[in-house]
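Student: What follows is a predicted protein model with its sequence.
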Amino acid sequence: MSKADVNGDEQPKETQHKNRDRGGKPAAATTTKEDLPTPPDGGYGWIVVFAAFMINVIVDGIAYSYGVFIAELQNHYKSPAGITAMVGSLLNGMYLLSSPLAGFLINRYDSRLVTICGSLIATLGFSISQLAPTIDVLMITFGLIGGFGFGMMYLPAVVSVSFYFEKRRALTTGIVVCGTGVGCFAFAPLLEYLMSSMGWKYAMVMVAGITLHGAVFGALLRPLKSNAPRGRRSSRPSPSVAAASSPPPPMLEAKEEQEAPRRQDDDGESDGELRKLNPDDHSATRQPGSKSPSVVSVPVVVHGSTIDVRSTATLDTSAKRRSWLQVTGLYLLSDPLFLIPILANLVAMLGHYIPFFYIVERSVLMLGIPQSQGAFLLSVIALTNTLGRILMGFLADFERVNSLLLHNIAIATSGVACILTMVCLNYASTAVFAAYFGLCMATWISLSPIILCELLGLEKLTNAFGLLCFVRGISSFAGPPIAGMVYDTTKNYNNAFHVGGILLIIGGSIAFLLHLPVLQRRTYANRMRQHQKEQLASAKI
């Protein structure tokens with residue numbers, strides 16, 4: 001991802017108007033949507049797709065295959081299922097929780113550097129995991145350190161592709177995220193073989209060596225150049241195009257205007273608007289009829305927009321608050337189009353990892369299936385996950401396909417499938433469940449970036465996807481341990497799957513709120529279609 005440049009020429013009239021101070025003078029240049037790099041839709045973009053795909057193979061392949069380790073770790077540390085599952089939950093949760101920080105670092109530097117650093121951090125965590133004397137230490141080395149490194153690798157890989165492709169964005173995103181399925185398909189039997197032949201400690205060393213290859217693939221994530229003229233580039237490091245082009249939240253602007261107190265003169269007359277001040281004249285003058293110096297308007301540039309403040313304290317507070325909200329993307333939470341997906345993922349992600357963690361143990365302990373065949377069920381999930389992500393990426397590029405509807409149906413029906421595992425009493429029926437669950441997860445995860453683009457626009461994707469991953473990480477911490485405690489209490493893995501199914505159904509139901517007409521009219525995609533229709537109508541006239 002590239003660093004944005006500052007464009008001072010050929011801005012839209014609306015942008016130019018907003019960027020003038022109260023004295024009518026132009027404010028500092030801002031990065032606009034016109035500065036976004038033009039997606040080449042090919043060329044080196046395919047190298048980026050390949051690199052991002054391989055990063056997903058490594059990250060999700062290891063994260064989703066943790067269920068293979070559970071039995072060995074339970075025997076080694078003599079820990080219950082819930083505590084042992086916490087190690088994998090920390091890994092998955094931490095790599096999602098660190099996504100906002102990864103987004104900030106991408107905005108500050110670029111995807112390539114962040115990915116390389118993440119690979120080195122994760123490699124360090126996995127390397128020292130073999131030395132962990134207790135399960136608690138393993139939670140820190142494998143879960144927290146390894147998960148943080150994975151977070152620095154995952155977000156740059158997914159986001160980078162969106163800036164290289166526009167017409168084929170859904171297809172290429174689907175190809176990238178199908179690396180999850182390929183990784184899980186390959187790593188589950190591989191790790192099972194390594195543990196059976198060399199033990200889990202040597203398997204950890206192999207995991208560290210594979211993770212180190214992420215630095216090589218991260219080096220291929222070359223940033224795009226901005227469209228801004230060279231003469232207008234900022235001399236300081238600027239945010240990425242995704243963050244810099246996001247306008248300040250209108251609700252915040254309105255709130256600041258409402259909160260600004262209107263001072264009155266001693267004779268009871270209001271000063272009204274702040275008086276304009278010549279930037280070259282720093283003296284405070286009096287207004288006619290005023291018995292005290294009037295409040296002076298101080299023009300200050302915050303994210304390219306000039307604001308007037310009545311005191312230094314107000315300036316510092318307002319500027320810091322807007323800067324912090326802009327960098328973290330938290331202002332997006334005021335938009336229902338983003339808040340609803342956040343709530344849906346918060347609930348649904350509690351049940352997402354439960355089948356990945358416990359399908360092997362359920363098949364071995366409850367159905368009497370050999371460990372090697374039980375591990376292959378993860379490969380079944382991975383196979384349909386891979387095919388599903390490619391298929392959904394291909395279908396989402398068609399204008400008539402409703403990506404949001406496919407996404408919501410997948411979440412809800414995956415929950416139904418989890419509840420129906422109680423009738424899966426043999427290996428064949430369990431494999432059918434695994435295949436359908438993998439297809440649903442492929443639809444959910446692969447379409448998430450596409451839906452965020454449709455709801456909010458590409459320029460907000462980095463912050464929006466980072467916050468979404470953060471929320472998913474919170475749920476990932478809690479889901480598998482809760483299911484493990486359910487099993488420790490009832491000694492029945494079906495009950496754990498039922499809990500996951502209910503959570504997925506609730507999350508899917510929340511996501512269906514996005515189909516309300518009042519929200520559909522506000523989506524970025526719908527506003528763009530209306531704008532195109534108006535342009536065509538005006539052209540005909």
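Tutor: Nice, I can see it. Residues are numbered from 1 along each chain as shown.

Student: can you count the residues close to residue 518?
Tutor: With neighbours defined by other CB atoms under 10 Å, the count for residue 518 comes to 7. Heads up, the C-betas are built off the backbone N, CA and C, glycines and all.

Student: Look up phi and psi at it.
Tutor: Per-residue torsions, residue 518: phi -60, psi -30 (degrees, to the nearest 10).

Student: and the gap between it and residue 526?
Tutor: Distance, residue 518 to residue 526, using CB to CB, to the nearest Å: 12 Å.

Student: How about residue 534?
Tutor: 13 Å.

Student: which one of those two has more residues nearby?
Tutor: Neighbour count, other CB under 10 Å: between residue 534 and residue 526, residue 526 has more, with 14 against 10.

Student: tell me which element the more buried one falls in.
Tutor: Assessed by DSSP states H and E, residue 526 sits inside helix 524-540.

Student: list the helices and strands that helix packs on?
Tutor: Contact analysis of helix 524-540 by 3 or more CB pairs under 8 Å, 6 or more residues apart in numbering; DSSP states H and E lists helix 427-456 as its packing neighbours.

Student: In contact with the most centrally placed residue in the chain, which residues?
Tutor: With distances taken as CA atoms, centre = their mean, residue 465 lies nearest the centre of the chain, 2.6 Å away. Shown in contact with residue 465 (CB atoms under 8 Å, 6 or more residues apart in numbering): 99, 103, 155, 158, 159, 448, 449, 452.

Student: Would you check which pair of these lies furthest apart?
Tutor: Pairwise distances across those peak at 14.8 Å for 103 and 448 (criterion: CB to CB).

Student: about what we covered before: of the contacts of residue 465, which is the nearest to residue 393?
Tutor: The shortest approach to residue 393 among the contacts of residue 465 belongs to residue 449, at 10.3 Å (CB to CB).

Student: Strands along the protein, start to end?
Tutor: 298-302, 305-309 (DSSP state E).

Student: For the closest residue to residue 378 other than its chain neighbours, give its distance to residue 474.
Tutor: Of all residues not flanking residue 378 in the chain, residue 188 sits nearest, at 3.9 Å (CB to CB, 6 or more residues apart in numbering). Counting by CB to CB, the gap from residue 188 to residue 474 is 26 Å.

Student: more crowded one of the two?
Tutor: Neighbour count, other CB under 10 Å: between residue 188 and residue 474, residue 188 has more, with 27 against 16.

Student: Would you mind confirming that that one is in contact with residue 382?
Tutor: Yes. Proximity of residue 188 to residue 382 meets the contact threshold set by CB atoms under 8 Å, at 7.0 Å.

Student: ok, the closest residue to residue 343 other than its chain neighbours - contacts?
Tutor: Of all residues not flanking residue 343 in the chain, residue 510 sits nearest, at 5.3 Å (CB to CB, 6+ apart). Contact partners of residue 510, counting by CB under 8 Å, 6+ apart, are 340, 343, 344, 347.

Student: Which one of residue 103 and residue 448 is surrounded by more residues?
Tutor: Between residue 103 and residue 448, counting by other CB under 10 Å, residue 103 is the more crowded of the two (31 against 22).

Student: And the pLDDT for the nearest residue to the more buried one once chain neighbours are set aside?
Tutor: Once flanking residues are discounted, residue 103 sits nearest to residue 466: 3.3 Å by CB to CB, 6+ apart. Residue 466 is assigned a pLDDT of 76 by the prediction.
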